[in-house]
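**Student:** Just a sequence and a predicted model for now, questions to come.
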Amino acid sequence: MLSRVFSKLDNHTLEAVQKSGPSLLVKILGMIATLVGSVLMGRTLGVEGYGILELANRIGSFVLVFCTFGLQYVVLKEMAIGIAEKHWQLVLNTMYTSLKFTGLLSVAVCVLLILLSPYLSSVFFDMKALTIPLQLVMAGVFFQTISRSYMSGINAYGKIWQSNLGDQTLGMIIVLIVYLVLIGIDALSVTTAAIAFLTARIVVALVFGAYWNRLKPKTNFIKKLRTELLKPATRLLLASGSGIVSASAATIILGIISTATEVGLYNLAARLSLLTLLIIQITNSALAPKIASLYASNRKEELQKLLYNFTIVLALVGLAAWLSFAVLGRPVIKLWGEDFEAAYLYLIILAFGQMINTSGGAIGITLMMTNNEKIIGKIAFTFMVLAVILNIIFISFFGGLGACIATTICAIGETITRLIVLKRTTGIGFLTSSL
């Protein structure tokens, strides 16, 4: 049965599917480690402690996007082209530029925020217990920034599953191990949990740095900065930065307007609903280099067929995920503790938005790889503003439930908008197998 299905796939789709297989296993392992660690944290720290740590990590995710400066995807695209053409000087210069620029930027930003953490925690969020976890998370952002550059370079070499063995797998396995040790000595708290994340991010940076040094071209080229990469990176920063603001808006506004308990409930539902993004992350890692090379060589018919095949798969995955949450969501949520039961309705609403988002999961990476960074940046910025406005309004009236409604509206709206814009700018659609 499966052999007949695979025999009908074009070579590009088949190659991407084959490269996605090992990545799927890696991501599933990371997902299991993440969920187990989250359950341990919820049952040990309670809803409030869980909410404080999730808020610190969400702020860290926002800062990370700014520190990577959009270079993550520029590095992937440029190096994929350079490797295909065996242009090793370009490959080395691209990585050198990314490491030097983002490294210096992250040091400056993280030191500033570590110093400001007491003020932000006590005045801005009215949560003094947030101070130390936030400082530890900010320290970890530097190591995450460096890791992102290495992961992009490794991905460009076609080492898909290796590049996916990052924060969400290797990092979470390390976090889980530290959690188990802390629970064994009865020392798991919000602060020690944050230390576990910092430890994991340091180890991941060291491991991926060592792997890149083994993989990179062995030449005597003098590495030079490619300042021309900063322009497209700035556009992608607008897109990715806007995206993370949209994703983080609900958590941060809940932290300001509401309580750590509401933050905890919302973030548990959000974490579970985002499990559907697992397949998107895997397919995008496999698709990105292929999309860049096919589009650069003007092989649009092949690219159209590749994207159509993956859209069908992603739509089915999204539907199956939503139905699973509707049936099994309540007993799953109770694993975190009885205090988290109110998150079930949040999960159903958020998962519906993710079902639509999953169906069009490859649209964003296709826009990035087809030189539409400026357009995707404008779309992302528009929905960022909308997300902030809607979250303020809905959270003020409905609390955590309002955050779910606002987030879902924005997720669906942005997916539909990207689909329309991609068709108009490139002629490539996701709903048919031919142009």
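**Tutor:** Perfect, I can see it now. The structure presented is a predicted model; accordingly, all values stated were derived computationally and were not measured. Residues are numbered from 1 along each chain as shown.

**Student:** same for the helix or strand containing residue 231, what does it pack against?
**Tutor:** Residue 231 belongs to helix 230-257 when assigned by DSSP states H and E. Judged by 3 or more C-beta pairs under 8 Å, 6 or more residues apart in numbering; DSSP states H and E, helix 230-257 is in contact with helix 11-68, helix 71-84, helix 260-273, helix 373-398, helix 400-426. To be clear about C-beta, it is placed using only N, CA and C from the backbone, and glycine gets the same treatment.

**Student:** out of those helices, nearest to residue 216?
**Tutor:** Closest to residue 216 of those is helix 71-84 (C-beta to C-beta; 10.2 Å).

**Student:** The following helix or strand past the closest one relative to helix 71-84, how many degrees between them?
**Tutor:** Using DSSP H and E, the helix or strand that follows helix 71-84 towards the C-terminus is helix 88-119. Orientation check (axes from the mean of the first three to the mean of the last three C-alpha atoms, to 10 degrees): helix 88-119 against helix 71-84 gives 170 degrees.

**Student:** I'd like to know which elements the helix or strand that helix 88-119 is followed by is packed against.
**Tutor:** Sequence-wise, the next helix or strand downstream of helix 88-119 (DSSP H and E) is helix 131-156. On a contact count with 3+ C-beta pairs under 8 Å, 6+ apart, helix 131-156 meets helix 11-68, helix 71-84, helix 88-119, helix 160-164, helix 190-215, helix 277-296.

**Student:** chain center to the second one, what's the gap?
**Tutor:** Pointing back at helix 71-84 there. Between the centre of helix 71-84 and the centre of its chain there are 18 Å (C-alpha atoms, centre = their mean, to the nearest Å).

**Student:** Any buried residues in stretch 72-82, and which?
**Tutor:** Buried residues in stretch 72-82, defined by neighbour count with 16 or more other C-beta atoms under 10 Å: 72, 73, 74, 75, 76, 77, 78, 79, 80, 81, 82.

**Student:** Where does the prediction get shaky in the stretch 101-250 of the chain?
**Tutor:** 167, 236, 238-243 (pLDDT under 70).

**Student:** contact partners of stretch 102-117?
**Tutor:** Residues from elsewhere that reach stretch 102-117 (C-beta atoms under 8 Å, 6 or more residues apart in numbering): 63, 66-69, 71, 120, 130-131, 134-135, 138-139, 141-142, 145-146, 148-149.

**Student:** Only whichever of those residues are buried, select them in PyMOL.
**Tutor:** To isolate the buried members of these in PyMOL, using 16+ other C-beta under 10 Å:
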select buried, resi 63+66+67+68+69+71+130+131+134+135+138+139+141+142+145+146+148+149
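
**Student:** picking that back up, which one of the helices and strands packed on helix 230-257 lies closest to residue 324?
**Tutor:** Between residue 324 and the helices and strands packed on helix 230-257, the shortest gap by C-beta to C-beta is with helix 260-273, which sits at 10.2 Å.
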